[in-house]
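**Student:** the amino acid sequence is not available; the structure is as follows:
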């Protein structure tokens, strides 16, 4: 099914242009019509163009009438332009059927859209980083993306660690929200973080030491956000360096500590999402069911069409 | 003037015990009576003892009746124990004359004390990291500490960069608050960050890339904190690695951006405070005057006795 995919750069400048070209070529090979935003390759210091340029790119993606609006990459740059985004215009585009998808720094736009308008978006791949890899892109990522594109996706499942197995089946419902922990925690106390009460919060991060992950989770905890969730689902936390000083303080230590703090809110790990090749697509701002039985976990959102 | 100095560990475990011994020896050589908390050298993973141990250490420091309560070092560990601190007991100790001094992770306790009780503390040296250096500790640090200990300090001054010079003298008054930016920004949206309205906010950090410094400042900005200040004073931001990707994005870029966002709030740099040997002592939670004329800046708090 041919879809119109609009590709733009709201965050960091694209440095690996080959990866972007490969990503575009692969999306075309999948049969899609791909449109590259005029400033997708812009560069202003670390950014894909200055603030005005990136704000305009977001607005062009919204005005494109595309089926899918994808980012070239994450990085950094969205938080500082949040005050200049016309959220209603983006929400209108989403209401007309444009699916906004991305991850990492893109979390900032997803959270702000949700807070300002309630509009749903998708956590999922970026063109350069996921479709532009050398060699074949990840199977699961591609399959989930095709499900998203075709509107066939009904949910996603993964295997929990043995210690998280539930003998008695658990099922909770709530609005799915979250994304990158560093970006999300940097929005606490601002108008652009949704309240998220009664939600299912998913989190991932990259290059953050477990003590920093814990400090960020502590902020969400002390802000009252975590205790209000129906469940917390942790994705992949990768690419950090342990220190000799840690002496047994690990990511698992942080997860155990989190569970102690939140005895009434279940915390699951292993969600295949984050800065890793194997990533599913997740509907941010959409009501989902989280079902756990034994070691099997499912996030279910039913047909979109 | 002999003072009773109580030394405790509320944050990370002391790994460099030689530095701590040297620091204690130097404080004794200055004529002070030094008391080491029983768990000052405790170690539990990254921490100077488990949470209960470190909470008890803070409470013992408050109950010590010492003239000065100093931390062995910073690191990480205070944010997670904030709910367990008995703030009124610590504030009472401060009211009786115990001066709490420290920096870095200690910012969390300073902010929470200020939010909960309004009690003043001091941003200043840690025993191991400042007094325990090999060779002679920094002159300015020692002189400012002696001013603090003797109650003689009336303020501190420093030289501004040429571009921050004011032809017309500027003088503003407000409660001084702040400290480590990463710690402070991780408290936004929680009950332990003071409102800080009408204050003079000082900030420093270590090992944080300018883009992260900007993201943290953006959180303070979007939370409405920065625009409410009478002035913002930036200390030392040190020990980060630039990336090739930066392409001209520097700490100065962040400062320039901050000034653009805050046209009504003056932003000064160069305060001799941070993760550097030359650090002054600053009265957190105390009303101060910030006076700037030409390239000379002063923070003035008058006699304490």
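**Tutor:** Arrived safely, thanks for sending. As the structure is a prediction and not an experimental result, all values here were calculated from the model.

**Student:** excluding its backbone neighbours, what's nearest residue A:84?
**Tutor:** For residue A:84, ignoring the flanking residues on the chain, the nearest one in space by CB to CB, 6 or more residues apart in numbering or on different chains is residue A:55 at 4.6 Å. For every residue, glycine as well, the C-beta is placed using N, CA and C.

**Student:** before we move on, what about residue A:57?
**Tutor:** In space, residue A:57 is closest to residue A:8, 4.3 Å off (CB to CB, 6+ apart).

**Student:** isn't the one you found right up against residue A:59?
**Tutor:** No - with contact defined as CB atoms under 8 Å, residue A:8 and residue A:59 do not form a contacting pair (9.6 Å).

**Student:** these two: which has the busier surroundings?
**Tutor:** Legend: neighbour count by other CB atoms under 10 Å in any protein chain shown for residue A:8 and residue A:59, higher for residue A:8 (28 against 17).

**Student:** can you list the low-confidence ranges for the stretch 101-250 of chain A?
**Tutor:** Segments of the stretch 101-250 of chain A classed as low confidence (criterion: pLDDT under 70) are not present in this model.

**Student:** domain map for chain A?
**Tutor:** With automatic domain parsing serving as the domain definition, the record reports that chain A contains domains spanning A:4-150, A:155-304.

**Student:** for the first one, measure first residue to last.
**Tutor:** The first and final residues of domain A:4-150 sit 12 Å from each other (CA to CA, to the nearest Å).

**Student:** can you tell me which residues in chain A are near chain B?
**Tutor:** Residues of chain A found near chain B (CB under 8 Å from any CB of the partner chain) are A:12-13, A:15, A:43, A:45-47, A:76, A:79-80, A:82-83, A:182, A:185-192, A:211, A:214-216, A:218-219, A:222-223, A:245-249, A:253, A:257.

**Student:** weed out the non-buried ones from the residues you listed.
**Tutor:** With neighbours counted by 16 or more other CB atoms under 10 Å in any protein chain shown, the residues of chain A next to chain B contain buried members at A:12-13, A:15, A:43, A:45-47, A:76, A:79-80, A:82-83, A:182, A:185-190, A:192, A:211, A:214-216, A:218-219, A:222-223, A:249, A:253, A:257.

**Student:** what segments of the stretch 201-305 of chain A are strands?
**Tutor:** All strands of the stretch 201-305 of chain A, identified by DSSP state E, counting those that start in this stretch, fall at A:231-238, A:267-268, A:282-284, A:287-294, A:296-300.

**Student:** which of the ones you listed sits most buried?
**Tutor:** Highest mean neighbour count of those: strand A:282-284, a mean of 28 (counted as mean count of other CB atoms under 10 Å in any protein chain shown).

**Student:** how about the contacts made by residue A:164?
**Tutor:** Under the criterion of CB atoms under 8 Å, 6 or more residues apart in numbering or on different chains, the contact partners of residue A:164 comprise A:268, A:269, A:270, A:292, A:295.

**Student:** so what's residue A:122 bridging to?
**Tutor:** For residue A:122, the residues forming beta bridges with it (DSSP bridges) are residue A:101, residue A:283.

**Student:** repeat for residue A:173
**Tutor:** On the basis of DSSP bridges, residue A:173 takes part in beta bridges with residue A:289.

**Student:** what distance do you get for residue A:102 to residue A:212?
**Tutor:** 23 Å (CB to CB, to the nearest Å).

**Student:** about what we covered before: could you identify which of the domains of chain A is most buried?
**Tutor:** With neighbours defined by mean count of other CB under 10 Å, none of the domains of chain A is more surrounded on average than domain A:4-150, at a mean of 21.

**Student:** for residue B:122, which of the domains of chain A is the nearest?
**Tutor:** With CB to CB as the measure, domain A:155-304 is the member of the domains of chain A nearest residue B:122 (23.4 Å).

**Student:** residue boundaries of the helices in chain A?
**Tutor:** The residue ranges that make up the helices of chain A, judged by DSSP state H, are A:17-29, A:51-63, A:87-95, A:107-117, A:139-150, A:181-185, A:210-222, A:251-261.

**Student:** make a markdown table from these and add distance to residue B:91 to it.
**Tutor:** What follows is the helices of chain A, written out as a markdown table (distance: least, CB to CB, whole Å):
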| stretch | distance to residue B:91 |
| --- | --- |
| helix A:17-29 | 56 |
| helix A:51-63 | 43 |
| helix A:87-95 | 43 |
| helix A:107-117 | 36 |
| helix A:139-150 | 54 |
| helix A:181-185 | 29 |
| helix A:210-222 | 20 |
| helix A:251-261 | 26 |
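
**Student:** and those: which comes nearest residue B:165?
**Tutor:** helix A:51-63 (28.4 Å).

**Student:** how about the residue of the stretch 51-200 of chain A found nearest chain B, what does it touch?
**Tutor:** With CB to the nearest CB as the measure, the residue in the stretch 51-200 of chain A that lies nearest chain B is residue A:189; the distance is 3.3 Å. Contacts were defined as CB under 8 Å, 6+ apart; by that measure residue A:189 touches A:223, B:188, B:189, B:219, B:222, B:223.

**Student:** give the contact list for the last one.
**Tutor:** So the one you mean is residue B:223. If a contact means CB under 8 Å, 6+ apart, then residue B:223 has A:189, A:190, B:188, B:189 as its contacts.

**Student:** from those residues, which single one is nearest residue B:240?
**Tutor:** Using CB to CB, residue B:188 is the member of the contacts of residue B:223 that sits closest to residue B:240, with 21.4 Å.

**Student:** my guess is that closest one meets residue B:225, correct?
**Tutor:** Yes - with contact taken as CB under 8 Å, residue B:188 and residue B:225 are classed as touching, separated by 7.3 Å.

**Student:** which ones are touching the residue of the stretch 1-150 of chain A found nearest chain B?
**Tutor:** Among the residues of the stretch 1-150 of chain A, residue A:45 lies closest to chain B, at 3.8 Å counting by CB to the nearest CB. The contact partners of residue A:45, by CB under 8 Å, 6+ apart, come to A:13, B:246, B:247, B:248, B:249, B:253.

**Student:** in a markdown table, list those along with distance to residue B:138.
**Tutor:** A markdown table is the format used below for the contacts of residue A:45 (distance: CB to CB, whole Å):
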| residue | distance to residue B:138 |
| --- | --- |
| A:13 | 40 |
| B:246 | 30 |
| B:247 | 35 |
| B:248 | 33 |
| B:249 | 31 |
| B:253 | 29 |
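
**Student:** which single one of these is nearest to residue B:299?
**Tutor:** Comparing the contacts of residue A:45 against residue B:299 with CB to CB picks out residue B:253 as the nearest, at 25.8 Å.

**Student:** how far away is the closest one from residue B:238?
**Tutor:** Relative to residue B:238, residue B:253 is positioned 17 Å away (CB to CB).

**Student:** next one: residue A:79
**Tutor:** When distance is defined by CB to CB, residue A:79 is 23 Å away from residue B:238.

**Student:** ok, now residue A:29?
**Tutor:** Relative to residue B:238, residue A:29 is positioned 48 Å away (criterion: CB to CB).

**Student:** kindly report the same for residue A:208.
**Tutor:** Counting by CB to CB, the gap between residue A:208 and residue B:238 amounts to 20 Å.

**Student:** among the helices of chain A, which is nearest residue B:87?
**Tutor:** When the helices of chain A are compared for distance to residue B:87 using CB to CB, the nearest one is helix A:210-222, at 14.5 Å.

**Student:** starting at the chain centroid, how far to the closest one?
**Tutor:** Here helix A:210-222 shows a centroid-to-chain-centroid distance of 19 Å under the convention CA atoms, centre = their mean, to the nearest Å.

**Student:** kindly report the same for stretch A:29-43.
**Tutor:** Taking CA atoms, centre = their mean, one finds the center of stretch A:29-43 at 20 Å from the center of the full chain.

**Student:** neighbouring contacts of it?
**Tutor:** Stretch A:29-43 is contacted by residues A:1-9, A:13-14, A:17, A:20, A:24, A:27-28, A:48-49, A:53-54, A:56-57, A:60-61, A:64, A:66, A:68, A:72, A:146, A:149, B:247 when judged by CB under 8 Å, 6+ apart.
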